[in-house]
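In: Next comes the sequence, and after it the predicted model I'd like to discuss.
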Amino acid sequence: MSSYEFQKRILDLTIATALIVAFLPFWIIIPLLIYLESGDPIIFKHKRIGKDGKEFEIYKFRSMIPNADEYLHSGKDKELLKKFKQGDWKLEHDPRITKLGKVLRSLTIDEFPQLFNVLKGEMSMVGPRAYVKKELNEQTKKYPATRELVKDILSIKPGITGPWQTSGRNEVPFKQRAKMDALYARKKSILNDLLIVLRTPRAMISKW
């Protein structure tokens, strides 16, 4: 483990633990609200690509209808799936998002459970976006120039926050996200990590 990786791990454990304790009421209130609105499951688990291309299950508070991912890719709503892919795997107005989910997403509260991914060592507080395998396969076919960038992206752990999350979030297209994430991966700077952490609260409330 390099000096940077050691410092980054200490930073991850310190911040993740502090946030879990600081937001203790959320771990009681949010699950209750989700259950009252749309039942189980409370936590949404989804496979993502981590460091060195290894898959792991990412945790989120569920902000969509149950089985939303299966519904999207089932082909039942072909127009929705078409818009999803044309929008670089993003939907500007996603009908699957619940009323509570819109609030959770606007404040990035839905991503709080990823703090446990950080404690497990699967993610970092700061890093590239945790991509879906199918997304990466389709996007690199659509944008061949990003294939080399993806190699850099997968050389480090994905993060809860990162350069693209604090610079426009969903409005940033895949090509630009990949460039930003790859540049971050090459830098390996604790100071840069701290600056991104400090910018994150402002990015969180900017959608509200």
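Out: Ah, there it is. Numbering: from 1, shown residues only.

In: Of all the residues in stretch 146-158, which ones are buried?
Out: 146, 149-150, 152-154, 156-158 (16 or more other Cβ atoms under 10 Å). Any C-beta I mention is one placed from the backbone N, CA and C, and that applies to glycine too.

In: Can you pull out the low-pLDDT segments for the chain?
Out: Counting by pLDDT under 70, the ranges of the chain that qualify are 71, 73-77, 80-83, 85-91, 168-171, 206-208.

In: how about the strands in it?
Out: 43-49, 55-61, 124-126, 159-161 (DSSP state E).

In: closest one to L191 among those?
Out: strand 124-126 (11.2 Å; Cβ to Cβ).

In: follow-up on the earlier one: redo the buried residues of stretch 146-158 as TSV? Include distance to H46.
Out: TSV is the format used below for those (distance: Cβ to Cβ, whole Å):
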residue	distance to H46
T146	22
L149	23
V150	19
D152	23
I153	18
L154	17
I156	20
K157	17
P158	12
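
In: now the helices for this protein?
Out: Here the chain has its helices, by DSSP state H, at 3-22, 26-38, 68-73, 78-86, 99-106, 114-119, 133-142, 147-153, 174-187, 190-205.

In: Turn the ones you listed into TSV, columns for distance to K47.
Out: Shown next, in TSV, are the helices of the chain (distance: least, Cβ to Cβ, whole Å):
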stretch	distance to K47
helix 3-22	21
helix 26-38	21
helix 68-73	10
helix 78-86	18
helix 99-106	20
helix 114-119	12
helix 133-142	7
helix 147-153	17
helix 174-187	19
helix 190-205	25
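
In: Burial check on K45, number of neighbours?
Out: The number of residues packed near K45 is 12, by other Cβ atoms under 10 Å.

In: What's opposite it in the beta bridge?
Out: Y59 (DSSP bridges).

In: what's the answer for the one 4 residues further on, then?
Out: When assigned by DSSP bridges, I49 has beta-bridge partners E55.

In: my guess is it contacts E55, does it?
Out: Yes. I49 lies in contact with E55 (Cβ atoms under 8 Å); the separation is 6.1 Å.

In: right, so of the strands of the chain, which gets closest to F26?
Out: strand 55-61 (8.8 Å).

In: tell me which residues in the closest one are buried?
Out: Residues of strand 55-61 classed as buried: 56, 58-61 (neighbour count, 16+ other Cβ under 10 Å).

In: Closest to A22 out of these?
Out: F61 (16.5 Å).

In: which residues do I49 and E55 both contact?
Out: The overlap between the contact sets of I49 and E55 (Cβ atoms under 8 Å, 6 or more residues apart in numbering) consists of K133.

In: thinking again about what came up before, can you put the strands of the chain in CSV and add distance to V118?
Out: Putting the strands of the chain into CSV (distance: least, Cβ to Cβ, whole Å) gives the following:
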stretch, distance to V118
strand 43-49, 13
strand 55-61, 10
strand 124-126, 6
strand 159-161, 7
